[in-house]
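> output the structure for:
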Amino acid sequence: MHISKLRSRFLIALFAAAFPLQVVNAQLTVPSPDTAHGAPLFTSRDIIRAVGFTGLTIAMFPLDRSIARRLTDERSKANRFLNGSSKGVELIADPGSIIIGSTLYLFGRFAHHPNIEDLGWHGTEAVLLGGGTAWVLKGLAGRARPFVTGDTTAHDFKFGGGFGNADRQSFPSGHTTAAFAAAAAVTSEAERMWPHHFWLVAPAMFGGASLVGLSRMYHDQHWASDVALGAAIGTFSGLKVVRYAHAHPQNFLDRAMLRADVSPTLEGRRAGLAFSFEM
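Purely as a prediction, here's the structure:
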């Protein structure tokens, strides 16, 4: 299969699993926001996503080696698209997702734009949650990265072997997790705040996140199944953080980060910030 076709099909599969489309009378419709106060944490759409990601991850296992060979052969290395975009999208995912989210949060906080503050905080929170989950699974699974095993095997797992050993932290992909967590959080917030722009935001965010996963495979750091699982963890992290936050607006973290009073302080020659919030 030509590399461009492989790339396109993998991106479509990731996007479809993360973002199940609603079709009514053969037309795409904007899904109604499910972040209202008291909304359930899990919905029927989550079942579709879970089934899609589970099926995609399982389907990738027997294809891991062949996909890796096609992405990392000499002709692929000369591919201008992958060479030109791979490093950039990886940096945007990690550490870019934390830097961008934190910057948006601080800008919204001090410029008095609550929607931007909300977006920045929940995006950052989702990336941290997804990253922590991925780190634990990486350590437990202990899967060897593609560049370690080469064409020998794609299924070199060692329980607990990933803790303290970067070469055995392949499953799942941390960069992909971060990218999809940010994409899911931003898309979910956009669905709530700017519903008419939802269909512009969603393809851009999830398309970019899918490129991150492809890039990690191109650089021989992850197998396709690593990327699929990372996309699943990131997507659910982003969706659940936003959904829970708006369904339970009085949760401790949001009270601390979004409703805290911040004021500058000056003691002698020392300047600082003072935070106060209701417990």
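
> and residue 92, what does it touch?
100, 179, 208, 212 (Cβ atoms under 8 Å, 6 or more residues apart in numbering). Every residue, glycine included, has its C-beta placed from N, CA and C.

> check residue 163 too.
Contacts of residue 163 by Cβ under 8 Å, 6+ apart are 139, 142.

> surely it is in a strand?
No. Residue 163 sits outside any strand when classified using DSSP: H, G, I helix; E, B strand; the rest coil, being coil.

> adjust the sequence numbering to begin at 16 for everything that follows.
Got it, first residue is 16 now, which makes that one residue 178.

> state the distance from it to residue 156.
Applying Cβ to Cβ, to the nearest Å, the value for residue 178 to residue 156 is 11 Å.

> which one is residue 173 nearest to, not counting chain neighbours?
For residue 173, ignoring the flanking residues on the chain, the nearest one in space by Cβ to Cβ, 6 or more residues apart in numbering is residue 157 at 3.8 Å.

> what about that neighbour, how many neighbours?
20 (other Cβ atoms under 10 Å).

> so which of the contacts of residue 107 sits lowest on pLDDT?
Lowest pLDDT of these: residue 223, 90.

> one step back: among the contacts of residue 107, which are in strands?
Using DSSP state E, the subset of those located in strands is empty.

> now the helix or strand residue 260 falls within: mean pLDDT?
Secondary structure assignment for residue 260, by DSSP states H and E: helix 239-262. Confidence over helix 239-262, taken as the mean pLDDT, stands at 95.

> ok so, going back, wait, doesn't the residue nearest to residue 173 sit right on residue 182?
No. Here residue 157 lies out of contact with residue 182, judged by Cβ atoms under 8 Å, at a distance of 9.7 Å.

> contacting residues around the residue nearest to residue 173?
172-178, 180, 183.

> with residue 146 instead?
189, 192-193, 196.

> look up the pLDDT of residue 277 for me, please.
The model's pLDDT for residue 277 equals 58.

> the one 4 residues further on too?
According to the prediction, residue 281 has pLDDT 62.

> over to residue 212?
In this prediction residue 212 is given a pLDDT of 79.

> hang on, isn't it packed against residue 205?
Yes. Using Cβ under 8 Å, residue 212 is in contact with residue 205, at 6.3 Å.

> okay, those two: which has more neighbours?
A direct count of neighbours by other Cβ under 10 Å for residue 212 and residue 205 places residue 205 higher, at 20 against 12.

> in which helix or strand does the more buried one reside?
helix 189-208.

> that helix - contacts with which helices or strands?
Packing contacts for helix 189-208, counted by 3 or more Cβ pairs under 8 Å, 6 or more residues apart in numbering; DSSP states H and E, involve helix 18-33, helix 95-108, helix 111-125, helix 129-156, helix 213-233, helix 239-262.
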